[in-house]
Every structure is written in C-alpha cells, then in structure tokens.
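1. Predicted structure and sequence below. I'll ask about it afterward.
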Amino acid sequence: MDNRTCPYPTLGLYIAGDWIDDTGNGVIPVLDPATETRIGLLPKATARHLDMLLDAAANASAAWGRMPVQERAAFLCAAADLLRARSDAIAAVVTLEQGKPLAEARSEVLRSADLIEWNADAAVALFESEGTRIDGGNAISLVPVGPVAAFTPWNVPVLSPARKISMALAAGCTCILKPAEETPGSAVELIRAFADAGLPAGVLGLALGDPAFISDHLIRSSVIRKVTFTGSVPVGKHLAALAGSVMKPVTMELGGHNPVLVLQDADIEKVAKASALGKFRNAGQICTSPTRFYVHTSKFDDFVEAFAAETARLQVGNGFDPENHVGPVASERRLHAIETLVSDTLGKGATLVTGGARLGSTGYFYAPTILTGVDGESAFMRDEPFGPVAGVFSFETVAEGLALCNQSSLGLAAYVFAASDIDANKAAAGMDSGIVGINSFSVSRPDLPFGGVKDSGYGREGGVEGLKAFLVTKVVAR
Ligand code: NAD
C-alpha cells in the first residue's frame, strides 16, 4: 500500500455511541506531510456538541465505575485484539497523516494493543489487591476519579490516546479524547476499535476541532474530574493553570531536551549506532528523543565521526517506501521551527557536521542534522528541538558532564552510556530527570511509570502509578 491507495477514514466526532461527521461549524483540512496534499476534513465541534459529549460521559459514569473491573478489562482486551487484527490498515493511516515509516507505524499500533491489555490486567490486579481494605471497621477504597478530559499530540497518534484511554477506562472513569488536529484519523481508528469491542455508549467520546475552545469548555465543566495532557510546555502550563483554577487534578507529560552522557569507557561504535537510530526515529519527534550528546573529551572526535557516518546511512523520504528510515516532520509549522532553530544556532557560531537543510521542495522533509560548537545562548539550547537535530558537546569530568546535562529547564529523560555498571548507576543517580536509560534509548514500557520533572511536567503515565492517577481514596469511617 502507498499513500495514493491508502483509505483514510471519514473524520467525525463520536458522541454517545454515534458518529457525527457534519457539525455545521466549518472544517480543518488534514494534510499528508510527505506530499502536502489534503487527505481529510476535520469537522469542528460547537459548544452544543461538547455539551452532548459531557452529558454522555456523565450519564455513563456511574454504571461504568460500578462495573466489576474484570468486565471492564474484557472490553479493553477486545479492543486490543481488534487493533492487532487491523494493524496494517491503521498503520497506513498513521503514516499517511503523520509521516513516520510504515514499519514504525505498525509497531506503534501493536505496542498500543499491548499497552491497553497491560492496563486492563494491571487494573484487575490492583483492585483485587488494594480495591478495598477494612481497617478497624473503617473501609478504605480506591474509587474512580470520574470523567476524564484527555488531550493528545500528533507524534504518537495511536499510542498516546491508547495509553490515556486505557488507564482511564480500566480505572473505571469515562473519557473524552481531544486528539491533535494533525492526526485525527489515527484517533478515529482507535475509537472505532473500542466501539466495535462493544463499549457502552458514552464511556468514550471523541471531540474534534479548535483545541483552545475545546480544552477551555471541557476543563471548566463540572462534569470533568481529571485532566491529562501530552504536548508542548506552553500549552501544558496554560491547561494546568486553567485546571488549577477549577481545582481539577492534572497529569502533564510535556517535552524534553534529553541529554546523553557518554563516559570514557563506552564503546563508541555501539553508542554511535544506537544514537543514530534513537535520535532520528520518528524524525526526532519523540518526547524522549536524545538531543544533547555529552561525550568524554578523549572520545569526542571519534564519536562525532561515527555518529555522522551512521546518520549518513539513514535514508529520508516517504514513509510508505520501505527503503526509507526517516519520514517528513509532521507539519509545516514543525519544518519552519526546525529551520529557524538550526539557522539561529549556526548564526551563533555552531559547526554543521551533517544535514542542516530542508530536503526537496514538496513535503516537510528535513535532513538529519548534527551540530557541534553550539553556543549556550543559541536557540538549540533554549528550545526543545523536537525534530531531527542533535548537538554534540564534550566534558572532562563526570561531575562536569552531569552539570551540563542538568542545565536544562526540562527534565524528562536522560541517558548514560558506559561499560562499567557502577559508573553508569552513579551517573544515573546524578541525572535530574524522571527517566534514565542506561546503554539504551528504550525507556517507554507499559509497566514503567513515565513522566518528567521541572518543566517536563508532573504525574506519571504507565505502570501502577499511571492507573492510580485515575483513582481517589475514599474512606467510610465507623
Ligand atoms: P504546539 O504547542 O503548537 O502544539 C500544537 C498541539 O497542541 C496541537 O496539536 C493542539 O491540538 C494542541 N493545543 C494547542 N493549544 C491547545 C489548547 N489551548 N488546548 C489543548 N490543546 C492545545 O506545538 P507543535 O509545534 O505542534 O509541537 C511541538 C512541541 O510540542 C514540541 O516543543 C514538543 O515539546 C511538544 N510535543 C510534546 C510531545 C510529548 O510527547 N511530550 C508530543 C508532541 C509535541
């Protein structure tokens, strides 16, 4: 299948078990980032549609929350099975609207199915072990927090909604999803899997349209009892402040400017290989993507040379072509942001090792880029690159390296590459981040709590901690 033959779903809101594809309120075009052609029209919700979504979430809430967790889990597992069965078709939708290579998209769909199942099983285990405990005649129970508003980004357009929806639903909460405007087709396919799994009407809703209008309306509503957002720091701060003003708990999974500390004894060839794959996967548009590489001075030149050589092997192009390893960036806005960041950083004296330019004139392709000699005042240091751009720096002592790693206002992921386990663990302990990967860039798994510190947000998704964020402790005292 290629992007000329891939069927793209009709985009619609999903309200109380019905699809609404004409809202009478205008549309937002959805583009294929590889060709810049229009592939769909996203209908924009009105206040009336949002109120219908809220009513449906409120009406379904009590029965869903009271349903035995094993029955809720069965719906989730049925949806996961449907995702697996449809993984080829859904992957094609992801590649068409987001750009990532088809194999990467298929892996995202399958990982989403695994994650949904993990949350279903973990919720059963959690309620069985900690659901209610009796203490001296008093009952202490975990109860669902209530209807959830979930806002998700375009970079993992199936995985991020799948994670939020499955945690909320498994915990016993109803959920309204607002996906990114760039990638609504993936969300429609995900919701369809839950609907076809027989989920009761109103348990899950889909809102499409103007993001600021929707988030404002949903968060202010007394129906919504929890807000979960993944996206950029400025939007996250805005939504956290709004939620705070109406006393709603929030989970904020924001960006990262993720450092990599390469110690003196690390195997440079191996690190360079892993770095090229880890850095440029999804065109660098992953919140845990490594961005700042700090390499011991004695290995700096070898690393830069090997990293550039491995990067040169990566072929950039349309994600439907199996030869290509790196697709376009997701939107014209992202392309422009990367171009501005690189030109500012080069203007402040950085050296271009490879890349540094848009590729072609159609499609949002940008060459995998490596910079050295980056000035501390440049845009690269100030802004999260969130694209195919890496900076390489050197350090003398581990203490100096850690200080450089920790200088960012963000603190999502960090990485340590070292031969010695003891040295790696010591360095990991010194990283000011929510997650540290040792000798690996794979840090996101269903069973591991995921989230950051500082401007990268608060709260955790994944693991039992993720489920507990959708539960409150209720006491019945005697
Ligand atoms: P952006 O801030 O322009 O964000 C656009 C996205 O945020 C849109 O998809 C929109 O749906 C949503 N949004 C915007 N205003 C909103 C509002 N008021 N309420 C609710 N949602 C709103 O950023 P961009 O250029 O599309 O993406 C780049 C930045 O986004 C990066 O800097 C990166 O940090 C961040 N990002 C982070 C993740 C992550 O996994 N943490 C994922 C994607 C993007």
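-> Everything's here; your move. Every value quoted in this text rests on a predicted model; they were computed, and no experiment measured them. Residues are numbered from 1 along each chain as shown.

2. Poorly predicted segments of the stretch 151-300 of the chain, please.
-> Within the stretch 151-300 of the chain, no range satisfies pLDDT under 70.

3. and Pro7, how many neighbours does it have?
-> Look at Pro7: counted by other CB atoms under 10 Å, it has 11 neighbours. In short, each C-beta sits where N, CA and C put it, glycine included.

4. quick one: it and Ile90 touch, right?
-> No. The criterion here is CB atoms under 8 Å, and Pro7 misses it with Ile90 at 11.0 Å.

5. Next, count neighbours for the residue of the stretch 201-350 of the chain found nearest the ligand.
-> Residue nearest to the ligand within the stretch 201-350 of the chain (CB to the nearest ligand atom): Gly255, separated by 2.7 Å. Gly255 is flanked by 26 other residues according to other CB under 10 Å.

6. For it, which non-adjacent residue is spatially closest?
-> Glu384 (4.4 Å; CB to CB, 6 or more residues apart in numbering).

7. Spatially nearest residue to Arg445 (excluding sequence neighbours)?
-> Gly462 (7.2 Å).

8. if I pick the one you found, what's in contact with it?
-> The contact partners of Gly462, taken as CB atoms under 8 Å, 6 or more residues apart in numbering, are 115, 163, 444-450.

9. and if you look at Val464?
-> 122, 126, 449.

10. show me the contacts for the residue nearest to Ser409 when sequence neighbours are not counted.
-> Of all residues not flanking Ser409 in the chain, Asp455 sits nearest, at 4.7 Å (CB to CB, 6+ apart). Asp455 sits next to 233, 254-255, 409-411 when contact means CB under 8 Å, 6+ apart.

11. Make a ChimeraX selection of the buried ones in the residues you listed.
-> ChimeraX command restricting the contacts of Asp455 to the buried ones, with burial defined by 16 or more other CB atoms under 10 Å:
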select :233,254,255,410,411
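
12. from the contacts of Asp455, which is closest to Leu53?
-> Leu254 (25.1 Å; CB to CB).

13. follow-up on the earlier one: let's see which of the contacts of Gly462 end up in helices.
-> Among these, DSSP state H puts 115, 163 in helices.

14. Can you tell me which of the contacts of Val464 has the most neighbours?
-> Neighbour-wise, the contacts of Val464 (other CB under 10 Å) top out at Ala122, 22 neighbours.

15. That residue sits in which helix or strand?
-> helix 102-130 (DSSP states H and E).

16. Beyond that helix, next helix or strand please.
-> Helix 102-130 is succeeded, C-terminally, by strand 132-135 (DSSP H and E).

17. what residues does that following strand touch?
-> Against strand 132-135 from outside (CB under 8 Å, 6+ apart): 139-142.

18. Which of the residues you listed are buried? Put it as a ChimeraX command.
-> Buried subset of these, written as a ChimeraX selection, criterion 16+ other CB under 10 Å:
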select :141,142
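
19. Among the contacts of strand 132-135, which are located in strands?
-> In strands, defined here by DSSP state E, the members of the contacts of strand 132-135 are 139-142.

20. okay if I get these as TSV plus pLDDT?
-> Converted to TSV, the ones in strands among the contacts of strand 132-135 look like this (pLDDT from 0 to 100):
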residue	pLDDT
Ala139	96
Ile140	97
Ser141	97
Leu142	97
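
21. Now do the same contact list for the closest residue to the ligand within the stretch 301-450 of the chain.
-> Of all residues in the stretch 301-450 of the chain, Phe386 sits closest to the ligand, at 3.8 Å by CB to the nearest ligand atom. Phe386 sits next to 255, 284-285, 289, 334, 337 when contact means CB under 8 Å, 6+ apart.

22. Now do it against Gln264, distance only.
-> 30 Å (CB to CB, to the nearest Å).

23. quick revisit: format the contacts of Asp455 as a markdown table; extra columns: distance to Ala171.
-> Listed next are these as a markdown table, based on distance: CB to CB, whole Å:
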| residue | distance to Ala171 |
| --- | --- |
| Val233 | 27 |
| Leu254 | 22 |
| Gly255 | 26 |
| Ser409 | 32 |
| Leu410 | 28 |
| Gly411 | 27 |
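
24. Between all of the contacts of Asp455, which two are at the greatest distance?
-> Maximum distance among these (CB to CB): 11.5 Å, for Val233 and Gly411.

25. if you look at stretch 233-243, does any of it touch the ligand?
-> Yes. Stretch 233-243 is in contact with the ligand by CB under 6 Å from any ligand atom, via 234-235, 238-239.

26. who wins for neighbours among the residues you listed?
-> Leu239 (24 neighbours).

27. other SSEs contacting the strand or helix carrying it?
-> Element membership for Leu239 (DSSP H and E) is helix 233-245. Judged by 3 or more CB pairs under 8 Å, 6 or more residues apart in numbering; DSSP states H and E, the packing partners of helix 233-245 are helix 211-220, strand 226-230, strand 250-253.

28. Same list, these, but as JSON lines with mean neighbour count and distance to the ligand please.
-> Output for the helices and strands packed on helix 233-245, formatted as JSON lines (neighbours: other CB atoms under 10 Å; distance: least, CB to the nearest ligand atom, whole Å):
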{"stretch": "helix 211-220", "mean neighbour count": "18", "distance to the ligand": "3"}
{"stretch": "strand 226-230", "mean neighbour count": "26", "distance to the ligand": "5"}
{"stretch": "strand 250-253", "mean neighbour count": "24", "distance to the ligand": "5"}
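
29. Perfect, I'm done here.
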